[in-house]
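Peer 1: sharing a sequence plus its predicted fold:
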Amino acid sequence: MTAPFASQQFIARHVREIPRSGIREFFDIVQTMPDVISLGVGEPDFVTPWHIREAAIYALERGKTTYTSNLGLLKLREAVSAYVARKFGIRYDPKTQILVAVGVSEALDIALRAVVNPGDEVLYHEPCYVSYSPSITLTHGVAVPVSCTADNGFALTADAIAKAITPRSKVLVLNFPTNPTGGTMTRAELEKIAALVVRHNLLLITDEIYSELTFEGEHVSIASLPGMAERTIFLHGFSKAYAMTGFRIGYACGPVDLIEAMMRIHQYSMLCASIISQEAAIEALLSGEPDTIAMREQYQLRRNLIVKAFNAMGLTCHLPRGSFYAFPCIRSTGLTSKEFAVRLLKEEKVACVPGGAFGPSGEGFLRCCFATALDQIEAATERMARFVARLQRG
Ligand SMILES: Cc1ncc(COP(=O)(O)O)c(C=O)c1O
């Protein structure tokens, strides 16, 4: 008799190793509950600005329903090139140094796949976006988190990175402003990291998806520092700055041969990003800046309110200088971040993401997305204050 088919045994070992996203798991539960205020999933509550949606509709009306060049529409790459030069001070040739991808998610995936050999070490700072570690594992690389701690506001230092470097280190992934901590970096701090990267001959992947949502100080891209553009893959997208998460569109810029290597993976796996989204992205880059500024101003008001509310209820919260996440400390309650989040959801119907979902160094914190309407933030923080007061009373 033949053994029954066991589908489990066919799953590749390294895929078995990666966990389901802590965020998604949690929000599958949230979806089933009525009247929950969600400060959970990291996406703007704004709908994509109308003129950008209209550009997508107009593309459809004109019958733009085909594949595009694997690199993306040249008009979009030219717009990206002009935008990146103006905003970040980095020059990329639209013909050879820019690849349009299905979000920063795809751009990150193909960047890693293009450069990582099995066993290569890829460093990244933690707490961090939930995709980094699994994306590295999927390339058969070794994920090496550089833990940042709350004592110094989760600052990333060149010294901390240096301690994690070994002869197998190949790539350093950076994300500023940071999801989930809202951390940003000054030019001087980035210069130290740039020098380290050169000293150890590392390749940089910099995910700057939240750069337009910088509230204090200027956003400096590490790729703009002397000697960095030639060893950096710069990732950016439209999801956060233009509230375009559902369009699934982003891009990578970098040295010609690295973009060419990424393009080879992209052309066989994805072929190209949706032409409709590409048309919308052109409109976003050409005319979307006032919308981004208006949304950022709203996020800043909300940030100020939520941070004040957390500190007032006894949850110490640093001021996030960028992104749309607050990261209050919940250690004083004696609960783990998961226990806190689960009980808060059950008892007060407020959904936040346990800090542990962003790596062990996020434990003791809660990620609260303030891309949520002001009245919802007010109601959520009132409920949370009630919950915390109850915990303190024992
Ligand atoms: C740091 C970071 N990078 C990338 C992404 C994914 O971006 P995209 O929607 O462009 O795939 C996110 C989404 O939350 C993020 O926080």
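Peer 2: Thanks, I have it. Numbering: from 1, shown residues only.
Peer 1: please, where are all the helices along the stretch 251-394 of the chain?
Peer 2: 256-269, 275-287, 289-312, 337-348, 374-393 (DSSP state H, counting those that start in this stretch).
Peer 1: so can I have CSV of the ones you listed showing mean pLDDT, mean neighbour count and distance to the ligand?
Peer 2: Quick note: C-beta positions are derived from backbone N, CA and C, even for glycine. Shown next, in CSV, are the helices of the stretch 251-394 of the chain (pLDDT from 0 to 100; neighbours: other Cβ atoms under 10 Å; distance: least, Cβ to the nearest ligand atom, whole Å):
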stretch, mean pLDDT, mean neighbour count, distance to the ligand
helix 256-269, 98, 17, 14
helix 275-287, 98, 22, 11
helix 289-312, 97, 17, 14
helix 337-348, 94, 18, 18
helix 374-393, 94, 16, 19
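Peer 1: what's the closest of the ones you listed to residue 78?
Peer 2: helix 275-287 (9.0 Å; Cβ to Cβ).
Peer 1: from the rest of the structure, what touches the closest one?
Peer 2: For helix 275-287, the external contacting residues (Cβ atoms under 8 Å, 6 or more residues apart in numbering) are 48-49, 51-56, 58-60, 64-68, 72-73, 75-76, 79-80, 82-83, 100, 238, 241-242, 244, 247-249.
Peer 1: hmm, back to that, residue 356: which of the helices of the stretch 251-394 of the chain is closest?
Peer 2: Closest of the helices of the stretch 251-394 of the chain to residue 356 is helix 337-348, at 4.8 Å (criterion: Cβ to Cβ).
Peer 1: ok and that closest one relative to helix 374-393, angle-wise?
Peer 2: Orientation check (axes from the mean of the first three to the mean of the last three Cα atoms, to 10 degrees): helix 337-348 against helix 374-393 gives 110 degrees.
Peer 1: give me the distance between helix 337-348 and the centre of its chain.
Peer 2: From the chain centre to the centre of helix 337-348 is a distance of 24 Å (Cα atoms, centre = their mean, to the nearest Å).
Peer 1: against which helices or strands is that helix packed?
Peer 2: Here helix 337-348 touches helix 22-31, strand 350-351, strand 353-354, strand 366-369, helix 374-393, going by 3 or more Cβ pairs under 8 Å, 6 or more residues apart in numbering; DSSP states H and E.
Peer 1: can I get these in TSV with distance to residue 11?
Peer 2: Shown next, in TSV, are those (distance: least, Cβ to Cβ, whole Å):
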stretch	distance to residue 11
helix 22-31	18
strand 350-351	30
strand 353-354	26
strand 366-369	30
helix 374-393	39
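Peer 1: and of the ones you listed, who's closest to residue 96?
Peer 2: It is, among the helices and strands packed on helix 337-348 and with distance given as Cβ to Cβ, helix 22-31, at 36.2 Å.
Peer 1: now the angle from that closest one to helix 337-348?
Peer 2: Following the same axes, to 10 degrees, one obtains 10 degrees for the angle between helix 22-31 and helix 337-348.
Peer 1: what mean pLDDT does helix 22-31 have?
Peer 2: Helix 22-31 carries an average pLDDT of 75.
Peer 1: and what of stretch 232-248?
Peer 2: 98.
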